[in-house]
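>>> sequence and computational prediction follow.
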Amino acid sequence: MPSDLHSVGLSRRQADYGADISAMLLLRRCHSLTRLGHVGTQRYRAAPSLASRAVRLCSSSRDDQRSYQHANNGASWKHIVAGLLTGTGVVLTYGLHHHEVERADAGSSTTVESSRLPVFSHDEVTKHRSLEDGVWVTFKGGVYDITEFVAMHPGGNKILLAAGGALEPFWALYAVHDQDHVLEILSQYKVGELSPEDLKKQEDAKSLDPYSSDPERHPVLRVKCKKPFNAEPPPEILGDSYITPHVLFFKRNHLSVPQVDPASYRLNVEGFPGGALSLSLEDLKTRFPKHTIIATMQCAGNRRSEMNKVKRVNGLNWGITAIGNAKWSGVRLRDVLLAAGFGPEVAKWARHVHFEGLDKDVTGTAYGTSIPINKAISEEGDVLLAYEMNGEDIPSDHGFPVRVVVPGVVGARSVKWLGRIVISAEESSSHWQQHDYKGFSPGTDWKKVDPKSAPAIQELPVQSAITVPADGAVIDRSNETLTVKGYAWSGGGREVVRVDVSLDGGKTWQVAQLRSGDEGQPTEPSPPPGRAWAWKLWELTAPLPPEAEELEIICKAVDNSYNVQPDTIPPIWNLRGLLSNAWHRVKVKVTED
């Protein structure tokens, strides 16, 4: 599942590209001093310092990371802003991290005393909602004129959503932007103060934090991002159970968790000649047979942290546990599509099935993606519209009341809080389908990346990782033996048939024991060919190598198509840090005590 701070708008590549925009903007502002009025003079009285900073930014070497949209000119910005970059707060974060050291000389000199600025009423601010009339916004009682920023920015049409109003509702959703260095950039555009009367009204009407209704999470989870919430469990806990408890299942949210009333919930199935089919939760439970599968779900960014060690990538710094295995129950997507009108005539033109969630951003854009029709309609595809997870109603963090489960495929396609299904001749046009969750060559950087040159990730490659012992652990030699544990899985329904483990950095190998169940419990029967959706847990107990003071433990999995994990990260490195599946390595110390 996808993501990373990139899905909420703040990403390294956007910040780097924004540094260039910010520099050009600062220069332009300095040149515009002659046409500014009294307010403008106050606002730009630190122009020489800003200009100096802008020159340094422009003359500094460019970072090699750029956004997909920079590589594809203006047309692709429409998608990035509507999806990944949606939200007014985003555009004010440009130029933040890459040149943070450059901020010091401009900080104090750009601050204008509030008492010297004019006071504006809310009505006056609302008159400034276009490039012609100026684009003004308010934030914590201040009034800001961001007209020039909007005019230059390729995502200016989205910035206008907040024109004439407050930034707070936007930054509440994209809370990562409410940081000191972002506020410093915003402060450079301050032109006045909101009247006390209107400020009180605004505070009284302030929108609630959209994340305030998010569910409680287990404190053991290792949080990668709080808003939206993204977290993974500790490795040593993940490997304890063949079926991952939902409280420990990794959480991958792109936006806030929607509150859905199961009584009024409707799933709309569209795109058929006969019209749309609308189904309630009760319809799904009573009109269609219930099916259950055990399937592993893995985020495309699982193990991204290892790619980050080779070269910086863009996305949440996931460890090895953005993966989990659960028992999912619900309705086959195939059955619902047939009930909606899928047949030979539709099969002639239908090529994809789109999914849209009920989680939406401030522009009303829903998280969306699609899968090929052959996966959706196949009896062997086992795609579910699941309403149960591990024998209980799906928890809100995992898609209550209904989510898609596409087994053998990247987690990003298993849309949560499912609200809409559309059958189509074309792939989904959503940002997450067209611009994200794609793999590229190690030699591709943000300057030359073309998202259209790569297909959207569907099936995932073979994977394994060591959950015990942890990297950096200390082993007592008196134990004489060492037990290594982990998980292994392969996408596309391919079954893992072997896991090789080395205790000496890959010089020698031993075969681990595989299991499809918990210790002491009945194991799951062997799946039909092509339908091995669940992971295997594995374990190896072996003598400690004599006199070794440090061990490099390695694991690699092999599936029934004899796909094997690559040995190192560099050949598979990519700018988004996706599909990280090289041999997993941990180093441990061996002591006499």
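Thanks, I have the structure now. All values reported here derive from a predicted model rather than from experimental measurement. Numbering: from 1, shown residues only.
>>> quick one: stretch 127-143 to chain centroid distance?
Average the C-alpha atoms of stretch 127-143, do the same for its chain, and the two points are 31 Å apart (Cα atoms, centre = their mean, to the nearest Å).
>>> hmm, which helix or strand of the chain has the shakiest average pLDDT?
helix 47-59 (a mean of 34; mean pLDDT, DSSP states H and E).
>>> state the distance from H122 to R129.
Taking Cβ to Cβ, to the nearest Å as the measure, H122 falls 13 Å from R129. C-beta coordinates here come from the backbone N, C-alpha and C atoms, glycine included.
>>> next one: K448
From K448 over to R129 the distance is 38 Å, taken as Cβ to Cβ.
>>> more neighbours, the two?
The neighbour count for K448 versus R129, taken as other Cβ atoms under 10 Å, is higher for R129 (17 against 12).
>>> please name the bridge partners of that one.
Taking DSSP bridges, one finds V135 as the beta-bridge partners of R129.
>>> got the domain ranges for the protein?
Residue ranges for each domain of the chain read 5-204, 223-429, 463-591, as given by automatic domain parsing.
>>> tell me which of those sits most buried.
The highest mean neighbour count among these, using mean count of other Cβ atoms under 10 Å, belongs to domain 223-429: a mean of 20.
>>> start to end distance for it?
The separation between the terminal residues of domain 223-429, taken as Cα to Cα, to the nearest Å, is 30 Å.
>>> repeat that for stretch 239-249.
Taking Cα to Cα, the first and last residues of stretch 239-249 lie 11 Å apart.
>>> residues making contact with it?
217-218, 220-221, 233, 237-238, 294, 297, 324-327, 389-390, 392, 395, 397-398, 467-468, 485-487, 515-518, 521, 524, 537 (Cβ atoms under 8 Å, 6 or more residues apart in numbering).
>>> centre of the chain versus that stretch, how much separation?
Averaged C-alpha coordinates place stretch 239-249 at 21 Å from its chain's average position (Cα atoms, centre = their mean).
>>> can you check stretch 424-437 too?
Counting by Cα atoms, centre = their mean, stretch 424-437 comes out at 15 Å from the chain centroid.
>>> quick one: mean pLDDT over it.
Mean pLDDT, taken over the full extent of stretch 424-437, equals 95.
>>> where in the chain is pLDDT low?
Counting by pLDDT under 70, the chain has low-confidence residues at 1-115, 152-161, 169-179, 181, 202-208, 593.
>>> if you set the cut-off to 80 instead, what comes out?
Across the chain, residues meeting the criterion (pLDDT under 80) sit at 1-115, 149-162, 167-183, 185, 200-209, 362, 520, 593.
>>> could you tell me the end-to-end distance of stretch 201-215?
Across its full length, stretch 201-215 reaches 30 Å end to end, with Cα to Cα as the criterion.
>>> one more: stretch 490-508?
24 Å.
>>> quick one: L284 and R332 touch, right?
No: L284 lies out of contact with R332 (Cβ atoms under 8 Å); the separation is 10.7 Å.
>>> quick one: common contacting residues for these two?
Common neighbours of L284 and R332 (Cβ under 8 Å, 6+ apart) are L385.
>>> now D559: how far from K201?
Applying Cβ to Cβ, the value for D559 to K201 is 62 Å.
>>> please save the CA atoms from stretch 444-451 in PDB.
In PDB, the C-alpha atoms belonging to stretch 444-451 read as follows (Å, rounded to 0.1, in the frame of the first residue of the first chain):
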ATOM      1  CA  THR A 444      16.100   6.800 -13.600                       C
ATOM      2  CA  ASP A 445      16.000  10.000 -11.500                       C
ATOM      3  CA  TRP A 446      13.400  12.700 -11.000                       C
ATOM      4  CA  LYS A 447      14.700  14.800 -13.900                       C
ATOM      5  CA  LYS A 448      13.900  12.200 -16.600                       C
ATOM      6  CA  VAL A 449      11.300   9.900 -15.100                       C
ATOM      7  CA  ASP A 450       8.200   9.300 -17.200                       C
ATOM      8  CA  PRO A 451       5.400   7.500 -15.300                       C
END
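>>> list the buried residues of that stretch.
444-446, 449, 451 (16 or more other Cβ atoms under 10 Å).
>>> got a list of what D198 touches?
With contacts defined as Cβ under 8 Å, 6+ apart, D198 is in contact with 121-122.
>>> so it: helix, strand or coil?
Classification of D198 using DSSP: H, G, I helix; E, B strand; the rest coil returns helix.
>>> next one: L183
With three-state DSSP as the criterion, L183 was assigned helix.
>>> surely A465 meets W489?
No: under the criterion of Cβ under 8 Å, A465 makes no contact with W489, lying 9.6 Å away.
>>> do I have it right that N563 meets S464?
No: with contact taken as Cβ under 8 Å, N563 and S464 are classed as non-touching, separated by 11.6 Å.
>>> before we move on, which element is E148 in?
Per DSSP states H and E: E148 is located in helix 147-152.
>>> show me what that helix is packed against.
Packing partners of helix 147-152 (3 or more Cβ pairs under 8 Å, 6 or more residues apart in numbering; DSSP states H and E): helix 12-31, strand 134-139, helix 156-159.
>>> hang on, the earlier thing: out of the contacts of stretch 239-249, which sit inside helices?
The helices, defined by DSSP state H, take in 237-238 from those.
>>> which residues in the stretch 301-450 of the chain form strands?
Taking DSSP state E, counting those that start in this stretch as the criterion, the stretch 301-450 of the chain contains strands spanning 323-332, 352-360, 366-372, 384-389, 392-393, 403-405, 418-424.
>>> and these: which comes nearest G506?
Nearest to G506 among those is strand 323-332; the distance by Cβ to Cβ comes to 23.5 Å.
>>> rewinding a little: return the helix holding E148 as PDB; C-alpha atoms alone will do.
Taking C-alpha atoms only, helix 147-152 is exported to PDB below (Å, rounded to 0.1, in the frame of the first residue of the first chain):
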ATOM      1  CA  THR A 147      -1.100  36.100  -5.500                       C
ATOM      2  CA  GLU A 148       2.300  35.900  -7.000                       C
ATOM      3  CA  PHE A 149       2.900  32.400  -5.700                       C
ATOM      4  CA  VAL A 150      -0.300  31.200  -7.200                       C
ATOM      5  CA  ALA A 151       0.400  32.900 -10.600                       C
ATOM      6  CA  MET A 152       3.800  31.100 -10.900                       C
END
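>>> tell me how far it lies from the chain's centre.
Centroid separation for helix 147-152 versus its chain: 28 Å, with Cα atoms, centre = their mean.
>>> how about stretch 397-404?
17 Å.
>>> got it, and stretch 468-475?
Offset of stretch 468-475 from its chain centre (Cα atoms, centre = their mean): 29 Å.
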